[in-house]
Each structure stands twice: as structure tokens, then as C-alpha cells.
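Participant: sequence and predicted structure below; questions after.
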Amino acid sequence: MSSGDVVLFYNDGEFIASGRIGTPFESDTVGEAVWEEPESTLLFTVTDYKRITLDRDRVGRLLGYSEGWYPRGFVEVSEDARNTLLQEYNSIEEAFQDFQTEPDDNEESPSEPDEEAETSREHTEIQHHLVQLGLRHGYDVYVAKNDKNREYDGERLGANCVESLKLPGFSSAATDIIEYVDVIWLEDDHIAKLFEVESTTSIYSGILRMADFAVKVPNIAIDMRIVAPGSDEDRVRKEMTRPTFDKVLGNAEHCDVGYVSFDDVRDTYETVQDAGPLQNVF
């Protein structure tokens, strides 16, 4: 498995969660608990973890498997199965996003405004502002490959942005990790700033992705920012100093890792709209 690979979790007749492979690690305690082997190297973190309810038969049909199929243990989807899936979806990423939004038939539709939809709109708003700020300040801008076709105020997030990352000297594993970073500002073919927008209750995925990247590409000078609501500032800063993350990010001597609030992004965007580019941004 490689960082960024999509995974589905199955239990008792249905798929119950989705996520992405983060980074491999070693732990005697975890190895013993999971595999009864302290020295096991088959241990991985998971990012973008989300609870879902996804019908087994539907997944089987999408992958071209025979009726009654179900995953037995750890299963890698075959090339033929991926090609069958792509007959319905434009990409694996599109299918993954659809799987994540599968409704739970056991839950009643909420009568209040959809909180998840509001969160998604806010996330897209902040991404849009970061994209536009990057462009206004002369950077080339890259939007996460699963978000570039999202729209804000009728404008595609990825409009006027680079479509793919072409970074000399980077391994494919390192590039795979940052293809899902929300917004990247580039100077020619070098990364200037990485922004992870965290608008949900979990803030692990962005920090973990940056930690994964710092491991894959040590000694690189990059500004990395976790962007989250002001109400989450204390929690973000606390998570950034957890021993697991601090050990990795603290060793990235040439990287500047910090926090930016949603209000900071909005205020800066409004200022630049009114007065033009600033000397320093975030």
C-alpha cells in the first residue's frame, strides 16, 4: 500500500468506513495487539477516516464481482475491477467521494439545515480565498485533486490553477501525499506554502499529511499551515505539539508549521480585494 490509497472497511455484511492510507510505522505494542508480532511492519496510519454505510452488493456490482461476493480479510482490488468501476465513474477519486456521501438508510433526514453541507461550503469558501490570494500574489496554485472541480460563487476552484504537480526531485510517494493537500502555492516548480483546511471535528488528517510529507522529503524549506476555525485554535495547537507529530515536525528544521484561522483568511482576502497584494501573507 502507498500513502493516499483509498481503503474501505467492512464488517458484518456492509462497508462501515472509508479512508486513505497515511504512513507506515513500527510499534511493538500495536504489532503485538494487531498481528501478535511485535516486530510487524504491516502497520499504517489512516487519514480522512469517515463512517459510512455502503451496501456490499452495490460495491460488488461496481467492481464486476459475482453475486454474493464479500471481502475476506485484506483484499486488494484487481486491475480488472478498477476498470469496471471506471465504467461508471470518471476516476477512482470520484467514486471515493460518492462512497463517502452515501446516506444511511437507518437515519431520518434532519429537519434542521444540513450541518455537514454547511461545513463543506465553509471549507470550499476558505479554499477559494486561499486560491485567489495565491494567484493575486504571483504564485502558481494547485488545488487538491479531489477538490479542483468544486465551485464557489459559480467559479471552479481549480480555474487558472496548475492541473498537476510536477516537482523535480520528489519521489512518487511524496507527490502522492501532497496531491490531496487542500491548497499549495508554488514558485516555478518549488513549493512555497502548503495549506490544509480543517473544518470538521477532526484535525488529524491535515497534520498527519504534513508529517508524512516531512518524513518523505526531509530538509526542504516550506511553510505549512493548518487553517481552522478560531474556536479550534487551542485544539489545533495542542495536536500540533502531540509527541507523535512533534517528533516528526520538530525535526523538519527548515519547515515553518503554523496555525491560521478562518477569520484571518477572510480578513486577508477582503484586504487584498480592496487594497491589492500584501508584502507578506500568512
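Facilitator: Received, thanks.
Participant: for the most centrally placed residue in the chain, give me phi and psi.
Facilitator: When Cα atoms, centre = their mean is applied to the chain, the residue found nearest the centroid is Tyr180 (4.8 Å). The phi and psi torsions at Tyr180 (degrees, to the nearest 10) take the values phi -110, psi 10.
Participant: I'd assumed Lys148 was in contact with it.
Facilitator: No. Taking contacts as Cβ atoms under 8 Å, Tyr180 lies outside contact range of Lys148: 11.2 Å. Where C-beta positions appear, they are placed from N, C-alpha and C, glycine not excepted.
Participant: how about the residue nearest to the centre of the chain, nearest residue that isn't a chain neighbour?
Facilitator: Sequence neighbours aside, Ala144 is the residue nearest to Tyr180 in space, at 5.1 Å (criterion: Cβ to Cβ, 6 or more residues apart in numbering).
Participant: where in the stretch 101-250 of the chain is pLDDT low?
Facilitator: For the stretch 101-250 of the chain, residues meeting the criterion pLDDT under 70 lie at 101-117, 200-205, 218-219, 243-250.
Participant: CA-only coordinates of the one helix or strand Glu118 maps to in CSV, if you can.
Facilitator: Here Glu118 sits within helix 115-136, counting by DSSP states H and E. What follows is helix 115-136, C-alpha atoms only, in CSV (Å, rounded to 0.1, in the frame of the first residue of the first chain):
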residue,chain,number,x,y,z
GLU,A,115,-24.7,20.8,9.2
GLU,A,116,-22.4,18.7,7.0
ALA,A,117,-23.3,20.7,3.9
GLU,A,118,-22.7,23.9,5.8
THR,A,119,-19.3,22.6,6.9
SER,A,120,-18.5,21.6,3.3
ARG,A,121,-19.5,25.1,2.0
GLU,A,122,-17.3,26.8,4.6
HIS,A,123,-14.4,24.5,3.6
THR,A,124,-14.8,25.4,0.0
GLU,A,125,-15.1,29.1,0.8
ILE,A,126,-11.7,29.1,2.6
GLN,A,127,-10.1,27.1,-0.1
HIS,A,128,-11.4,29.6,-2.7
HIS,A,129,-9.9,32.5,-0.7
LEU,A,130,-6.5,30.8,-0.4
VAL,A,131,-6.5,30.0,-4.1
GLN,A,132,-7.3,33.6,-5.0
LEU,A,133,-4.8,35.0,-2.5
GLY,A,134,-2.1,32.8,-4.0
LEU,A,135,-2.9,33.9,-7.6
ARG,A,136,-3.0,37.6,-6.6
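Participant: what residues of it count as buried?
Facilitator: Neighbour counts over helix 115-136 (16 or more other Cβ atoms under 10 Å) mark 123-134 as buried.
Participant: ditto for stretch 175-188
Facilitator: Judged by neighbour count using 16+ other Cβ under 10 Å, the buried positions of stretch 175-188 are 175-186.
Participant: those: which two are farthest apart?
Facilitator: Asp176 and Trp185 (19.5 Å; Cβ to Cβ).
Participant: which residues sit against stretch 2-19?
Facilitator: 1, 20-23, 46-56, 59, 70-71, 92-93, 96, 99-100, 173, 176-177, 179-180, 212, 216 (Cβ atoms under 8 Å, 6 or more residues apart in numbering).
Participant: so for that stretch, mean pLDDT?
Facilitator: The average pLDDT for stretch 2-19 rounds to 86.
Participant: what about the helices in the stretch 101-250 of the chain?
Facilitator: In the stretch 101-250 of the chain, helices defined by DSSP state H, counting those that start in this stretch lie at 115-136, 172-178, 204-216, 233-240, 243-251, listed in chain order.
Participant: who touches Ala192 in this structure?
Facilitator: Counting by Cβ under 8 Å, 6+ apart, Ala192 touches 139, 185-186, 222-223.
Participant: tell me which of those fall in strands.
Facilitator: Here DSSP state E is the test, and the contacts of Ala192 give 185-186, 223 as lying in strands.
Participant: quick one: which of those is nearest Phe195?
Facilitator: Of all those, Phe195 sits closest to Trp185, with 7.8 Å by Cβ to Cβ.
Participant: the closest one touches Arg136, doesn't it?
Facilitator: No. The criterion here is Cβ under 8 Å, and Trp185 misses it with Arg136 at 11.0 Å.
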